[in-house]
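Asker: What follows is a protein structure lacking sequence information:
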């Protein structure tokens, strides 16, 4: 049984996509090698693709077109692949966020892998999530100026107005019998692991707010801790599971013990590698 043709719209790592795509052609076409691909794409070096897949080389603006041509990527697939390369190789948060938006625009709606369409829209702008939670405050006012005054960061009236409209349109906020805007009894949660580009913008925005809180929030009103530790790599799944169990316990505590809400808080967990494994350089044979 052959290896299925990988759907580029399901990827957020272009190197992984290239590895899967090469494996597909290797299994489905007799005699397919790195040299065959190089000839198709117009590269003199047969090792170019192998080095890119292994992370030893990046793809430039010029070579991305050659790679797409070599693999026969056309139309929207090609545009997504080119944007994906730019997304992965972005040098700063702002550029990466812009690329994430571009990926979301190019990807067909039916290929959004984890988030349902309302959640996709909901997470595109992180402040929309915050405004929805503000509606749970007893003194919440459906007033743009009131919302702006209560936020710890600057937000334009136009963005607040758009966020309110989005929340109402998606039925995440509704009007009660008295006409007051309140939360609908709905909890939105993405999977623990999501490949949706939109979730990048949400997390990037919230991490930026965490950075700002170091300067603008009284230490008595926040709790920021960090630990730098060596780990055994195979413990990673259990560590991630324990973090999610803790978050679920915290949600239960808030829902069971809180009588009236006072403020909206954000809790972020970032657990990421600060080192990378560098083995001994070995000479690799290139397929003829």
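Answerer: Perfect, thanks for sending it. From a predicted model like this one, the values you see are computed outputs, not experimental measurements. Numbers count the residues shown, from 1 in each chain.
Asker: Please count neighbours and contacts with C-alpha atoms only from this point.
Answerer: Noted.
Asker: Mind telling me what element residue 174 is part of?
Answerer: strand 173-175 (DSSP states H and E).
Asker: neighbouring strands for that strand, and are they parallel or not?
Answerer: strand 181-183 (antiparallel) (DSSP bridges).
Asker: end to end, how far does stretch 148-167 reach?
Answerer: 17 Å (CA to CA, to the nearest Å).
Asker: contact partners of the strand holding residue 174?
Answerer: When contacts are defined by CA atoms under 8 Å, 6 or more residues apart in numbering, strand 173-175 is touched by residues 132, 135, 167-168, 181-184.
Asker: Mind giving me the packing neighbours of the helix or strand residue 68 falls within?
Answerer: Assigned by DSSP H and E, residue 68 belongs to helix 63-70. Packing partners of helix 63-70 (3 or more CA pairs under 8 Å, 6 or more residues apart in numbering; DSSP states H and E): helix 34-41, helix 75-88.
Asker: relative to helix 75-88, how tilted is the helix or strand just after the longest one?
Answerer: From helix 75-88 onward toward the C-terminus, using DSSP H and E, the following helix or strand is helix 93-106. Counting by axes from the mean of the first three to the mean of the last three CA atoms, to 10 degrees, helix 93-106 points 160 degrees away from the direction of helix 75-88.
Asker: List the buried residues of helix 93-106.
Answerer: 96-97, 99-104 (16 or more other CA atoms under 10 Å).
Asker: For the helices and strands packed on helix 63-70, give me TSV that also has mean pLDDT.
Answerer: Listed next are the helices and strands packed on helix 63-70 as TSV, based on pLDDT from 0 to 100:
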stretch	mean pLDDT
helix 34-41	93
helix 75-88	93
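Asker: for those, which one sits closest to residue 64?
Answerer: helix 75-88 (6.4 Å; CA to CA).
Asker: who's in contact with that closest one?
Answerer: By CA under 8 Å, 6+ apart, helix 75-88 touches 8-9, 12-14, 59, 64-65, 68, 95-96, 99-100, 102-103, 106-107.
Asker: now with 6 Å?
Answerer: 14, 96, 99 (CA atoms under 6 Å, 6 or more residues apart in numbering).
Asker: so who does the residue most central in space within the chain touch?
Answerer: Nearest to the mean C-alpha position of the chain, by CA atoms, centre = their mean, lies residue 200 at 2.6 Å. Counting by CA under 6 Å, 6+ apart, residue 200 makes contact with nothing.
Asker: any idea how far residue 20 is from it?
Answerer: 23 Å.
Asker: Ok, residue 172 next?
Answerer: 39 Å.
Asker: after the helix or strand bottoming out on mean pLDDT in the chain, next one along is what?
Answerer: Ranking every helix and strand in the chain by mean pLDDT, DSSP states H and E puts helix 117-124 at the bottom, with a mean of 57. Downstream of helix 117-124, the next assigned helix or strand under DSSP H and E is helix 126-134.
Asker: Could you check the helix or strand following that following helix and say which residues are buried?
Answerer: As assigned by DSSP H and E, the chain's next helix or strand after helix 126-134 is helix 144-150. By 16+ other CA under 10 Å, the buried positions in helix 144-150 come out as 144, 147-148.
Asker: do stretch 152-164 as well
Answerer: 160, 163-164.
Asker: quick one: which of those residues is nearest residue 31?
Answerer: For the buried residues of stretch 152-164, the nearest to residue 31 is residue 163 (54.4 Å; CA to CA).
Asker: The closest residue to the closest one other than its chain neighbours - how many residues pack around it?
Answerer: Closest residue to residue 163 apart from its sequence neighbours, by CA to CA, 6 or more residues apart in numbering: residue 128 at 5.1 Å. For residue 128, the count of nearby residues is 22 (other CA atoms under 10 Å).
Asker: Please consider this matter closed, and thank you.
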